[in-house]
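Q: generate coordinates for the sequence data below:
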Amino acid sequence: MILTKKEKVTGKPDIRVPAFLKEQIVASAKYDRHKDIVNALLEDGKMYTTAQVDDLISGYMKGKVK
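A: Numbers count the residues shown, from 1 in each chain. As a prediction, the model looks like this:
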């Protein structure tokens with residue numbers, strides 16, 4: 001975990017939020033249900049916050065089937 005990613009929080013000043021590598025997110029218990037989706041959507045070596053991962057999963061789940 002690295003505290004270098006900044007996100008805007010409504011009603012509060014910029015704060016540092018934890019950012020994680022794809023490998024850490026895939027290995028986490030929180031995303032165990034969506035491990036395959038997370039593994040496919042995230043890029044190797046890139047840092048993501050949990051909010052970003054949640055948004056990516058949500059967008060994928062709402063996508064249309066072709």
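Q: residue ranges of the helices in the chain, please?
A: For the chain, the helices defined by DSSP state H cover 22-27, 35-41, 50-62.
Q: tell me which of these lies nearest to Arg16.
A: helix 50-62 (13.2 Å; C-beta to C-beta). Yep, even glycine has a C-beta here, placed from its N, CA and C like the rest.
Q: quick one: the closest one to chain centroid distance?
A: Distance of helix 50-62 from the chain centroid (C-alpha atoms, centre = their mean, to the nearest Å) equals 7 Å.
Q: circling back: now the helices of the chain as TSV including mean neighbour count and mean pLDDT?
A: TSV is the format used below for the helices of the chain (neighbours: other C-beta atoms under 10 Å; pLDDT from 0 to 100):
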stretch	mean neighbour count	mean pLDDT
helix 22-27	16	96
helix 35-41	14	95
helix 50-62	13	95
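Q: relative to Ile15, which of these is closest?
A: Nearest of the helices of the chain (C-beta to C-beta): helix 50-62, 12.3 Å.
Q: give me the contacts around that closest one.
A: For helix 50-62, the external contacting residues (C-beta atoms under 8 Å, 6 or more residues apart in numbering) are 7, 17-18, 20, 25, 30-31, 34, 37-38, 41-42, 48.
Q: any chance of those in TSV, plus distance to Ser58?
A: Below are these laid out as TSV (distance: C-beta to C-beta, whole Å):
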residue	distance to Ser58
Glu7	16
Val17	18
Pro18	20
Phe20	18
Ile25	15
Lys30	14
Tyr31	13
His34	10
Ile37	10
Val38	12
Leu41	11
Leu42	14
Tyr48	14
